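Q: here is a sequence with its predicted model. Questions after.
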Amino acid sequence: MTVVTPDSPPRFGWENLTVGDDLGCVEGRVGASAVRAHTFAIGDEPDSYVAGLGDAPLVPPTLFINDLLKLFLLGYDCSPPMVSGLHTRAQIDVVGPVRVGEHVRIMGSHIAKFIRRGRRHRSCLSTLTGADGTELVRMVATETVGFERFGEADSPDQPENWADQLPRVTDEVPADAPVLRPGDEPAVGAVILDPARAVSYEQSVVFSGFPFGWAYDQPQPIRRSSIHISPEKAAESGYDAPVAQGLVSASHVISAIVRQFGESALHGSKFAFTFIAPVLVGTELTSTIVVDEVGEHEVLAHAFTKNSAGRVVSVAYARIPR
């Protein structure tokens, strides 16, 4: 098992970010215990994966998305104090399934550095590949660098997003919309209702506190210096409690779609998420997925996730192969 960092990584910060920066490499094998820990973190059931979703025990694709995002911790010197930021958007492609025990590798680099609405942003492209180099999961993640707004014009070189041309997601669903159960044939206007999932402090610690934990031979200490783990760090950023990552709500949506469509959802699904509001630990999230189009080979859907107060915290689009 290997975690590789670049030689003499620069200090993380806006001035030191360069498009093309290598973010290091992580490789190893994911065991069933890592699957069980991750499914606890997102409020999912592990047995459908480790007992065999399809013809073999599989790793939830959501297990890797935090690591795909956190590669910058390897590519830069991120020792405290460091610049924090907000994860605003993510495009996640689930290209193929990952089997439990399979050797995989994560690599990535920065692909954009830009200004949007006065905030400084960066985007990184990270991929998970199998031992033979086959791409299995791909993510383009965009985060702010800091929380400040500057009087700077928008940059033209923002990453393309396949979902930008789709209608705006709303939380309006007809009261009589048919509800799909796992295995049902999809129909336009039908909904998938994901039961409310708790987002506890303990779940946030497991989801965010052990980046690349599956790739180490020995247990690693909790990464405490983030708003997702540390109440003190969250308070410094203006929050009353630690903030769960936006990728938690993304994981809820992806796992609900995998539960609905089965292993076929692991062969080419595409997701585009926008994170709208912070989710403090101690709340519950409820996701609703609405079928927009049903084609011969693909289903197009949109989704929204609400917190306990009924506020929409994230929205998404999904293309799911049939």
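A: Great, that's in hand. Residues are numbered from 1 along each chain as shown.
Q: report the central residue of this protein.
A: Closest residue to the average C-alpha location of the chain: Leu247 at 3.5 Å, with Cα atoms, centre = their mean.
Q: now the strands for the stretch 151-300 of the chain?
A: Residue ranges of the strands in the stretch 151-300 of the chain, as given by DSSP state E, counting those that start in this stretch, are 191-193, 197-199, 243-244, 269-275, 279-280, 283-294, 298-306.
Q: which of these sits most buried?
A: Comparing these on average neighbours per residue, with mean count of other Cβ atoms under 10 Å, the densest one is strand 243-244 at a mean of 24. (Each C-beta comes from the backbone N, C-alpha and C, glycine too.)
Q: show me what that strand is packed up against.
A: Applying 3 or more Cβ pairs under 8 Å, 6 or more residues apart in numbering; DSSP states H and E, one finds that strand 243-244 makes contact with helix 201-208, strand 279-280.
Q: okay if I get the ones you listed as a markdown table plus mean pLDDT and distance to Ser8?
A: Converted to a markdown table, the helices and strands packed on strand 243-244 look like this (pLDDT from 0 to 100; distance: least, Cβ to Cβ, whole Å):
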| stretch | mean pLDDT | distance to Ser8 |
| --- | --- | --- |
| helix 201-208 | 96 | 27 |
| strand 279-280 | 96 | 36 |
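Q: gap between Arg11 and Ala265?
A: Distance of Arg11 to Ala265, given as Cβ to Cβ, to the nearest Å: 40 Å.
Q: neighbour-wise, which of the two wins?
A: Using other Cβ atoms under 10 Å, the more surrounded residue of Arg11 and Ala265 is Ala265, with 24 against 12.
Q: I'd assumed Val258 was in contact with that one.
A: Yes. With contact defined as Cβ atoms under 8 Å, Ala265 counts as touching Val258 (4.8 Å).
Q: which helices and strands does the strand ranked longest in the chain pack with?
A: Using DSSP state E, we find that the single longest strand of the chain is strand 103-116. The contact analysis (3+ Cβ pairs under 8 Å, 6+ apart) places strand 103-116 against strand 22-29, helix 65-69, strand 119-130, strand 135-144.
Q: out of these, which comes closest to Glu202?
A: Among these, helix 65-69 comes nearest to Glu202, with 15.8 Å by Cβ to Cβ.
Q: how far does the helix or strand following that closest one sit from the chain's center?
A: Note on helix 65-69: by DSSP states H and E, the next helix or strand toward the C-terminus is helix 72-75. Using Cα atoms, centre = their mean, to the nearest Å, the distance from the centre of helix 72-75 to the centre of the chain it belongs to is 17 Å.
Q: before we move on, what about stretch 8-27?
A: That offset, for stretch 8-27, works out to 20 Å (Cα atoms, centre = their mean).
Q: stretch 187-205 now?
A: Its chain's C-alpha centre and that of stretch 187-205 lie 14 Å apart, by Cα atoms, centre = their mean.
Q: give me the contact list for it.
A: Contacts to stretch 187-205, defined as Cβ atoms under 8 Å, 6 or more residues apart in numbering, come from residues 40-43, 173-174, 177-180, 184, 222, 228-229, 241-242, 244-245, 248, 252-253, 256-257, 260, 279, 281-294, 301.
Q: over to stretch 130-142?
A: 61, 64-65, 68-69, 87-98, 102-105, 111-112, 121-129, 159.
Q: what subset of those is buried?
A: In the contacts of stretch 130-142, burial by neighbour count holds for 61, 64-65, 68-69, 87-98, 102, 104-105, 111-112, 121-129, 159, counting by 16 or more other Cβ atoms under 10 Å.
Q: contacting residues for the nearest residue to His110 once chain neighbours are set aside?
A: Excluding the flanking residues, the one nearest His110 by Cβ to Cβ, 6 or more residues apart in numbering is Asp21, at 4.6 Å. Asp21 makes contact with Gly75, Tyr76, Ser109, His110, according to Cβ under 8 Å, 6+ apart.
Q: so how far is Gly146 from the third one?
A: Right, the one you point to is Ser109. Taking Cβ to Cβ as the measure, Ser109 falls 21 Å from Gly146.
Q: again, but for the first one
A: Counting by Cβ to Cβ, the gap between Gly75 and Gly146 amounts to 18 Å.
Q: higher neighbour count, the two?
A: Neighbours per residue, other Cβ under 10 Å: of Gly75 and Gly146, the larger number sits with Gly75, 22 against 14.
Q: confidence score at the more buried one?
A: On the pLDDT scale, Gly75 is placed at 88.
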